[in-house]
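Engineer: Provided below are the primary sequence and the corresponding predicted coordinates.
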Amino acid sequence: PLVSMKEMLEKAKAEGYAVGQFNLNNLEFTQAILQAAEEEKSPLICGVSEGAGRYMGGFKTVVKMVEALMEEYNVTVPVAIHLDHGSSFEKCVEAIHAGFTSVMIDGSHLPLEENIALTKRVVDVAHAVGVSVEAELGRIGGQEDDLVVENAEAMYAIPSECDQLVKETGVDCFAPALGSVHGPYKGEPNLGFDRMEEVMNLTGVPLVLHGGTGIPTKDIKRAISLGTAKINVNTENQISASKAVRQVLAEKPDLYDPRKYLGPAREAIKETVKSKMREFGSSNKA
Ligand code: G3H
Ligand code: ZN
């Protein structure tokens, strides 16, 4: 069933695993991700960035696609459709109207008080209709669609500010930027685990780790032990999908039926998602 993130993340935090947010890019991603969740018996968060939503034909199209596939595949695991890095109050409302069950409002570029005020407005409307909300503080480096943060602008969140934002807004989960990066890492990631522990102890809400691609398993496990209950992954699926397409087209230069290369891409995404679910510990937790 389609649900908000609230209960799935609280259960994950209490039981010591993380639920993956896997971003939708097109039909094949959506098929692969839903099938992986059902086969792994894992709860699932489908992430939709504003850019990917536009690409797929708008938020409503995305919701109908997810709903139709869930019916077609007899999906029994809990699934949330979540706006990833919502850029404004209006975009969050648009997603909620379209049937999203969860939204992120990303006010991380704003001064603290403005981020709090914006996040609070979104929480007020979202909670009124049972939709969960994620907020961010500090700045996650790298690039995801329209969102580009140069290295110099990337910033670690300050724990006392995180506490203030969570308490004053009532968000359901919270993403403190602590050195993770969107897209491939240049070298080893350097996550701020001491601050993560402080943020966990101060806020008490499930924490979110963005930029899940390329983080070593030991760091994933450590983050989960420090209250991380949601991990976002997109680039890793994009890389495995593209690799599969390149391989098929290189082997068969005369091939023209898109199903012949997008089918293998879909299989590759599915395998990647399943391995992430096992790594995050969410398999058999639905
Ligand atoms: O919000 C989405 C994620 O943080 C994705 O990060 O593309 O580096 O896996 P990633
Ligand atoms: Zn992100």
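Structural biologist: Looks like it arrived, so ask away. Numbering: from 1, shown residues only. Ligands and ions are numbered 1, 2, ... in the order given.
Engineer: SS state for Val125?
Structural biologist: helix (DSSP: H, G, I helix; E, B strand; the rest coil).
Engineer: what is the neighbour count of the residue lying closest to it once chain neighbours are set aside?
Structural biologist: Spatially, and ignoring its direct neighbours in sequence, Val125 is nearest to Val93 (6.3 Å; Cβ to Cβ, 6 or more residues apart in numbering). (Glycine included, C-beta is placed from N, CA and C.) Val93: 16 surrounding residues under other Cβ atoms under 10 Å.
Engineer: surely Val93 is in contact with Arg121?
Structural biologist: No - contact status for Val93 versus Arg121: not in contact, 9.6 Å apart, counting by Cβ atoms under 8 Å.
Engineer: what touches both of the two?
Structural biologist: Counting by Cβ atoms under 8 Å, 6 or more residues apart in numbering, Val93 and Arg121 have no shared contacts at all.
Engineer: is the host helix or strand of Ala229 anywhere near ligand 1?
Structural biologist: For Ala229, the host element (DSSP states H and E) is strand 228-233. Yes - for strand 228-233, a contact with ligand 1 is found by Cβ under 6 Å from any ligand atom, at 232-233.
Engineer: let me see the mean pLDDT of that strand.
Structural biologist: Averaging pLDDT along strand 228-233 yields 98.
Engineer: what's in contact with it?
Structural biologist: 5, 9-10, 12-13, 17-23, 45, 47, 84, 134, 173, 196, 206-213, 220, 223, 273, 276, 280.
Engineer: let's go with 6 Å and repeat that
Structural biologist: 9, 12-13, 18-22, 173, 206-210, 212-213, 276, 280 (Cβ atoms under 6 Å, 6 or more residues apart in numbering).
Engineer: list the buried residues of whichever helix or strand comes after that strand.
Structural biologist: Counting by DSSP H and E, the next helix or strand C-terminal to strand 228-233 is helix 235-251. Within helix 235-251, the residues that qualify as buried are 235-241, 244-245, 248, counting by 16 or more other Cβ atoms under 10 Å.
Engineer: show residues contacting helix 235-251.
Structural biologist: 183, 213, 261, 264-265, 268-269, 272.
Engineer: output it as CSV - backbone C-alpha positions only.
Structural biologist: The C-alpha atoms that make up helix 235-251 are tabulated as CSV, following Å, rounded to 0.1, in the frame of the first residue of the first chain:
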residue,chain,number,x,y,z
THR,A,235,23.5,7.7,-9.1
GLU,A,236,24.4,4.0,-8.4
ASN,A,237,21.3,2.8,-10.2
GLN,A,238,21.9,5.3,-13.1
ILE,A,239,25.4,3.9,-13.4
SER,A,240,24.4,0.3,-13.5
ALA,A,241,21.5,1.0,-16.0
SER,A,242,23.8,2.9,-18.3
LYS,A,243,26.5,0.3,-18.1
ALA,A,244,24.0,-2.4,-19.2
VAL,A,245,22.8,-0.3,-22.1
ARG,A,246,26.4,0.4,-23.3
GLN,A,247,27.2,-3.3,-23.1
VAL,A,248,24.2,-4.4,-25.1
LEU,A,249,24.7,-1.7,-27.8
ALA,A,250,28.4,-2.4,-28.1
GLU,A,251,27.7,-6.1,-28.6
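Engineer: any residue of it up close to ligand 1?
Structural biologist: Yes - counting by Cβ under 6 Å from any ligand atom, ligand 1 is contacted by helix 235-251 at 235-236.
Engineer: whichever helix or strand comes after that helix packs against which elements?
Structural biologist: Counting by DSSP H and E, the next helix or strand C-terminal to helix 235-251 is helix 258-280. Taking 3 or more Cβ pairs under 6 Å, 6 or more residues apart in numbering; DSSP states H and E as contact, the helices and strands that helix 258-280 lies on are strand 19-23, helix 27-40, helix 235-251.
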